[in-house]
Every structure is written in structure tokens, then in C-alpha cells.
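Visitor: Have a look; sequence and predicted model below, questions after that.
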Amino acid sequence: MDLEHKFCRFDAEVTLVEGTKIEGYASLFGACDQGGDVVAPGAYAASLRRLGAEGRAVKMLWQHDPAQPIGIWEEVREDARGLYVKGRLLDTVEKGREAAALIAAGAIDGLSIGYRTLKARKDEKGRRLLTELELWEVSLVTFPMLPSARVAAKGESPDDAMLRELAQALEGARLDLAGG
């Protein structure tokens, strides 16, 4: 089994606080990504239990590069919405400082998970439903695959950013329907 990546924009789901602390959702259950995959609730549970039992942690990487860890995920858990992550960028690492600056400027707005698929099946719509994943890492990335998990601007809550994105999408749809 090859390592796979699932990208998520994190404007609506991850917040940068005090320049280095980040929290939010790296994966949302039931959301179809651009590759046609949907993560099922509970897909990460066994992997997170194994990591905890072995005293290992999910890694925070820059652009999926294992040679570039940029921080520490202090909390990674499933809840009713998806895979929640909370951690901090390391400002003692050059890439960690760069990542914080890029997020604050709005130049980077994506999260991506690195995982192996252990169990999956096709759903009624022909999409791949991922039911058990072995989670390896959560990266900050430039181009995410799931548009609904993104970093909020400084001072916004993840819900504020999500509402802003929804309003923009609705306005775009209204303009499309109005022919311009």
C-alpha cells in the first residue's frame, strides 16, 4: 500500500493564533474531495489509538516533505465533524517561521493528510468511501484537495471564515444565474 495524500484548504477550518498556534480540522467526514474520496466517521480511530499506545505522534510537515517538520501536533482527535488538530509551528525552525508568515499573509491556506488506506469501498454514488486509514502526518500545503478545510485569517474564528466562504460561494452562484 502506497502512502496517499488528501489535501484540505483550511481557511474555514484552521486558525492561526499568536503567530504560531494552529487548530482546526484537517479532514471533514462526509465531504467529497476533488479526487472523489469521502472519509467516513471513525476512519482514523484505530490509527490514533495505535499511535497513542506506541507513544508516537502524527507529524506536522511542510508540503509532505519528511525532511521538513515544521511543528508539533499537540492534539489530534476525531469528533463528529472530522479530524481535529491542534498544535504549534516551531518558530525556532526556519520553515516554521516561514509557514507562520505565509499563513498570516494568506499565501498558504491548505492542510493535507498523509495516510495509507486500510479499508475502503465504493458508495452508492461510485465514490471511494474511506472507512479505515492509517494516519501518518498532517502537512501545511499550497494546493489542498478538500476545499472546505482552510486557515482563518488572524482574529477570525473558523466559523467566521466558513461563513465568509459560504457567502462568497452563494454570491458567485447568484451572479452565474443572473448571467454575469
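Guide: Nice, thanks for sending it over.
Visitor: Nearest spatial neighbour of Arg77, chain-adjacent residues omitted?
Guide: Among residues not flanking Arg77 along the chain, Tyr84 sits closest, at 5.4 Å (CB to CB, 6 or more residues apart in numbering). The C-beta positions use only the backbone N, C-alpha and C, and glycine is treated the same way.
Visitor: try Leu135
Guide: Nearest to Leu135 is Ser47, by CB to CB, 6+ apart, at 4.7 Å.
Visitor: That neighbour - that's part of a strand, no?
Guide: No - counting by DSSP: H, G, I helix; E, B strand; the rest coil, Ser47 is not found in a strand; it is helix.
Visitor: Next, the buried residues of stretch 32-48.
Guide: Residues of stretch 32-48 classed as buried by neighbour count (16 or more other CB atoms under 10 Å): Cys32, Asp33, Asp37, Val38, Val39, Ala40, Ala43, Tyr44, Ser47, Leu48.
Visitor: Lowest pLDDT pick from those?
Guide: Across the buried residues of stretch 32-48, the bottom pLDDT score, 87, is held by Asp33.
Visitor: helix or strand for Ala99, which one?
Guide: Assigned by DSSP states H and E, Ala99 belongs to helix 94-105.
Visitor: Which residues in the helix or strand just after that helix does the neighbour count mark as buried?
Guide: Remark: after helix 94-105, the chain's next helix or strand is strand 110-122, criterion DSSP H and E. Under the neighbour-count criterion of 16+ other CB under 10 Å, strand 110-122 has Gly110, Leu111, Ser112, Ile113, Gly114, Tyr115, Thr117, Ala120 buried.
Visitor: so of the buried residues of stretch 32-48, which ones are in helices?
Guide: Secondary structure from DSSP state H places Ser47, Leu48 of the buried residues of stretch 32-48 in helices.
Visitor: can you redo the buried residues of stretch 32-48 as TSV with distance to Arg56?
Guide: Below are the buried residues of stretch 32-48 laid out as TSV (distance: CB to CB, whole Å):
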residue	distance to Arg56
Cys32	30
Asp33	26
Asp37	25
Val38	27
Val39	21
Ala40	23
Ala43	18
Tyr44	14
Ser47	10
Leu48	10
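Visitor: farthest pair in the buried residues of stretch 32-48?
Guide: Using CB to CB, the buried residues of stretch 32-48 span at most 23.0 Å, a distance reached by Cys32 and Leu48.
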